[in-house]
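1. One predicted model, sequence on top.
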Amino acid sequence: MNFEHARANMIEQQVRPWDVLDQRVLNALAEIPRETFLPQQHQGLAYSDTRIPLGNGRYSLNPNIEARLLQAAVLEPDDRTLIIGCGTGYLAACAAKMCKHVESIDTEAAVNEQAQQNAAGCGIDNIKFFTGDLIADLPDKTSYDAIIVNGSLPTIPERLKTRLTINGRLIITVGNENEPTMETFAIRRIGQTDWLEQSVLDTHIPSLIADKPAEEKTGFVF
């Protein structure tokens, strides 16, 4: 399979028609080989408009949705960005092409290790992967210029909003999987206690799901 050709077709036939016109986003998608972030048996689907199973109830997002999340974050070259829910590391890798430093958190060390290998294989070294509860275990006293939630949540955690710098952006999809649609929001911090909220798109994406029995739940995984 000609992955380079498939990558170009993905951008022109899936991403651009979804109103992703930010050239820095398009450049990142063109530079990052998405297939190398997927299990070998699914690499042929890397540039298809579909969710791809990753195992343990996890799925990748569709490429056009990943692109919309990146565009909504309005990443700048000097930004410090946080990805909630590591997935394969692909979203973090694309963000790392667009900004200075990326951190990515997941509840499973094995997921982070694989994502780090995927990123390193592409020569990307400005991502820090760490393991813990996706909300409670964020690094102490660290603020971010952008936070992208790589999956959906039923509500918007206040803790994420307060970890933004002034003018920082939180990109989060809110809804329940048993509902037909969810809504993605871009939330910008404009003051110590003030935020602006804007609807970005209606969609339906995998949730950040609990990976422990109900009595032991401490967070979410993607």
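-> It's in. Numbers count the residues shown, from 1 in each chain.
2. Excluding chain neighbours, what is closest to the residue nearest the centre of the chain?
-> The centre of the chain sits closest to Asn150, judged by Cα atoms, centre = their mean, with a distance of 3.5 Å. Counting by Cβ to Cβ, 6 or more residues apart in numbering, Gly85 is the residue found nearest to Asn150 once chain neighbours are left out, at 3.8 Å. Glycine gets a C-beta too; all of them are placed from N, C-alpha and C.
3. Might one say that that neighbour is in contact with Leu153?
-> No - the pair Gly85 / Leu153 is not scored as a contact, 9.5 Å apart, by Cβ atoms under 8 Å.
4. For these two, indicate the residue with more neighbours.
-> Gly85 (27 against 21; other Cβ atoms under 10 Å).
5. Who are the packing partners of the helix or strand containing the residue nearest to the centre of the chain?
-> For Asn150, the host element (DSSP states H and E) is strand 144-153. Counting contacts by 3 or more Cβ pairs under 8 Å, 6 or more residues apart in numbering; DSSP states H and E, strand 144-153 is packed against helix 63-73, strand 80-84, helix 90-98, strand 164-174.
6. what is the rounded mean pLDDT of the following helix or strand past it?
-> Counting by DSSP H and E, the next helix or strand C-terminal to strand 144-153 is helix 158-162. Mean pLDDT, computed over helix 158-162, is 94.
7. Please, where are all the helices along the chain?
-> Ranges of helices in the chain, per DSSP state H, are 3-10, 23-31, 63-73, 90-98, 109-121, 158-162.
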